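**Q** A predicted structure for the sequence below; I have some questions about it.
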Amino acid sequence: MEKLVVRGGKSLYGEIDTSGAKNAAVAILPATIMASEGVCEIENIPDIDDVNCLERIIESLGCKINRSGSNVTVDARGDIRKIADTEDVRKMRASYYLIGALLGRFKEARVELPGGCAIGVRPIDQHIKGFEALGAAVKMEHGSIYAVADRLIGANIYFDVVSVGATINVMLAASLAEGQTILENAAREPHVVDVANFMNTMGADIKGAGTDVIRINGVKSLKGCSYSVIPDQIEAGTYMIATAACGGEVKVKNVIPKHLESISAKLIEMGVSIKEYDDYVVVTSDRSKLKAINIKTMPYPGFPTDVQQPMSALMCIAKGRSIINENIWESRFKHVDELKKMGASIMVESRTAIIEGVEKLTGAVVRATDLRAGAAMVIAALMAEGKSEVLDIEHIDRGYPHIEDKFRKLGADITREKC
Ligand SMILES: CC(=O)N[C@H]1[C@@H](OP(=O)(O)OP(=O)(O)OC[C@H]2O[C@@H](n3ccc(=O)[nH]c3=O)[C@H](O)[C@@H]2O)O[C@H](CO)[C@@H](O)[C@@H]1O
Ligand SMILES: C=C(OP(=O)(O)O)C(=O)O
């Protein structure tokens, strides 16, 4: 077991490279198994545990995987198992994309129920509704989802909630269905668009990704291709917030500024300077001048729920009262008790957190209760006075590549140590 040891209070200066997007990569990797011809060569894959997990799962299905730095090749030709039943499947959320991918290609899939961050009830009824609308019989047995169809036939599907997972999963299966599928009330996140672009490069016919109506004309087969994953808006947002919290000036490189608009707008409202360029942003902050703000998490292009927890750490030292309304997940405030150990003043009622800004946080031993909670604790530790230890960092490693190296490059005093 490992922990992060942080001696806080240092301003951040320098440049940082944003890695490939976790939530795009963890959908694109399962989608590669849909290529019955050729090999997929994917660039800009982040070095995170969720990717390691997926690579092991995909190998267990019989695919050949090669990784060199951030490049991964997947050869899914030949005999592939339609059953994903290893421990890794249960450890992560995005393993549910194997259902759409295997069902699309083989018309049959048996996949253990996924894990992922414990941030509330995480139903997959909308995924199942979509698969059933395409003609699949879906049942839950012995902790697995079993989906099977003689044929998949395009359908009109209206999602009851805006779901990233359901939109992508049904899009995968529908790509190899007969005829046209129309997804309404679809999620518009940048990673949905990235997966659609990847699928189209494999030979799929998907239009409208990035809007709430996606039209998919089924094709007979998909083939390998070369593709590069988009930058991670959540990782970039996390480093932008950390700079705001610690003070200093950081160039966050390899980003698509448009994807960061909701985060940039809120930081500017707090008094942080954000300058946007083609593929980087420069964040400049004087932490003594931060003002309280309110945020409501919403599906894209609204403020992302995955940035809510890092943002809450910053709000702890902003002058005045900040309010967070968490509209996506009912249990995404588990990190608040940890922030309180560092002197934060926060009251949580249901899906609302009220944060009264304090002069400073003080170092403490805290836990990463989930992935983005972990990022929040690292930010809090970096801005706190004195030494902190962040425990349970396996959550952080699921989604942030080499977080301590990236922060150290900016001048932070942070090390990874054995517990
Ligand atoms: C691997 C991945 O990409 N994870 C992201 C994905 O999770 P995930 O895809 O699991 O989240 P969804 O977008 O599906 O969930 C959004 C909301 O819809 C509800 N819902 C979802 C599916 C369903 O079948 N029924 C249903 O009711 C959920 O309970 C939640 O309230 O999007 C979330 C929302 O941006 C992010 O926090 C996660 O980081
Ligand atoms: C909640 C998240 O991830 P997952 O859906 O993989 O648990 C996240 O990336 O913030």
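**A** All right, it came through fine. Ligands and ions are numbered 1, 2, ... in the order given.
**Q** got the residues of the chain near ligand 1?
**A** 23, 26, 93-94, 121-127, 161, 163-166, 187, 305-306, 328-329 (Cβ under 6 Å from any ligand atom). (Each C-beta comes from the backbone N, C-alpha and C, glycine too.)
**Q** any weak-confidence spans in the chain?
**A** Judged against pLDDT under 70, the chain has no low-scoring part.
**Q** buried ones only from the residues of the chain next to ligand 1, please, as a ChimeraX command.
**A** To isolate the buried ones among the residues of the chain next to ligand 1 in ChimeraX, judged by 16 or more other Cβ atoms under 10 Å, type:
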select :23,26,93,94,124,126,127,163,164,165,166,187,305,306,328,329
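**Q** so which of the residues of the chain next to ligand 1 sit within helices?
**A** Judged by DSSP state H, these include Asn23, Val26, Asp125, Gln126, His127, Val164, Gly165, Ala166, Thr305, Asp306 as members of helices.
**Q** from those residues, which two are the most distant?
**A** Asp125 and Asp306 (21.7 Å; Cβ to Cβ).
**Q** in the stretch 151-300 of the chain, what residue lies closest to ligand 2?
**A** Ile234 (6.4 Å; Cβ to the nearest ligand atom).
**Q** my guess is that residue meets Val307, correct?
**A** Yes: with contacts counted by Cβ atoms under 8 Å, Ile234 reaches Val307, the gap being 6.0 Å.
**Q** need the overlap of contacts for the two.
**A** Common neighbours of Ile234 and Val307, counting by Cβ atoms under 8 Å, 6 or more residues apart in numbering, are Arg372.
**Q** just the ones in helices among the residues of the chain next to ligand 1 now: which is nearest ligand 2?
**A** Using Cβ to the nearest ligand atom, those come closest to ligand 2 at Asp306, 3.8 Å.
**Q** residues of the stretch 1-150 of the chain that sit close to ligand 2?
**A** For the stretch 1-150 of the chain, the residues in contact with ligand 2 (Cβ under 6 Å from any ligand atom) are Lys22, Asn23, Arg93, Ala94, Gly116, Cys117, Ile119.
**Q** settle this for me: the last one is touching Asp370, isn't it.
**A** Okay, so that is Ile119. Yes: using Cβ under 8 Å, Ile119 makes contact with Asp370 at a distance of 6.0 Å.
**Q** overlap in contacts of these two?
**A** Arg332, Lys334.
**Q** and the residue of this structure that's closest to ligand 2?
**A** Closest point on the chain to ligand 2, by Cβ to the nearest ligand atom, is Gly116, at 3.0 Å.
**Q** in contact with the residue lying closest to that residue once chain neighbours are set aside, which residues?
**A** Distance criterion Cβ to Cβ, 6 or more residues apart in numbering; nearest residue to Gly116, sequence neighbours excluded, is Arg93 at 2.7 Å. Going by Cβ under 8 Å, 6+ apart, Arg93 touches Val26, Asp50, Pro114, Gly115, Gly116, Cys117, Arg122, Gly165.
**Q** how far does stretch 170-186 sit from its chain's centre?
**A** 23 Å (Cα atoms, centre = their mean, to the nearest Å).
**Q** who's in contact with the residue nearest to the residue of the stretch 151-300 of the chain closest to ligand 2 when sequence neighbours are not counted?
**A** Of all residues not flanking Ile234 in the chain, Asp306 sits nearest, at 4.6 Å (Cβ to Cβ, 6+ apart). By Cβ under 8 Å, 6+ apart, the contact list for Asp306 reads Asn23, Ile234, Arg372.
**Q** and those residues as JSON lines, adding distance to Glu359?
**A** Supplementary listing: these in JSON lines, determined by distance: Cβ to Cβ, whole Å:
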{"residue": "Asn23", "distance to Glu359": "36"}
{"residue": "Ile234", "distance to Glu359": "29"}
{"residue": "Arg372", "distance to Glu359": "25"}
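**Q** isn't Ser331 up against Arg122?
**A** No: assessed by Cβ under 8 Å, Ser331 is found out of contact with Arg122, at 10.0 Å.
**Q** Glu261 is in contact with Tyr300, isn't it?
**A** No: between Glu261 and Tyr300 there is no contact under Cβ under 8 Å: 10.0 Å.
**Q** okay, now the domains of this protein?
**A** According to automatic domain parsing, the chain comprises the domains 2-19+231-418, 22-228.
**Q** first vs last residue of stretch 125-140, how far apart are they?
**A** In stretch 125-140, first residue to last residue: 11 Å (Cα to Cα, to the nearest Å).
**Q** what's it in contact with?
**A** 96, 99-100, 103, 107, 113, 145-157, 159-161, 163, 165-166, 169-170, 173-174, 177, 181, 183.
**Q** now these: which count as buried?
**A** For the contacts of stretch 125-140, a burial check counting by 16+ other Cβ under 10 Å picks out 96, 99-100, 103, 107, 145-149, 152-155, 157, 159, 163, 165-166, 169-170, 173-174, 177, 181, 183.
**Q** filter the residues you listed down to the ones in strands?
**A** Residues of the buried ones among the contacts of stretch 125-140 located in strands (DSSP state E): Ile145, Tyr146, Ala147, Val148, Ile157, Thr181, Leu183.
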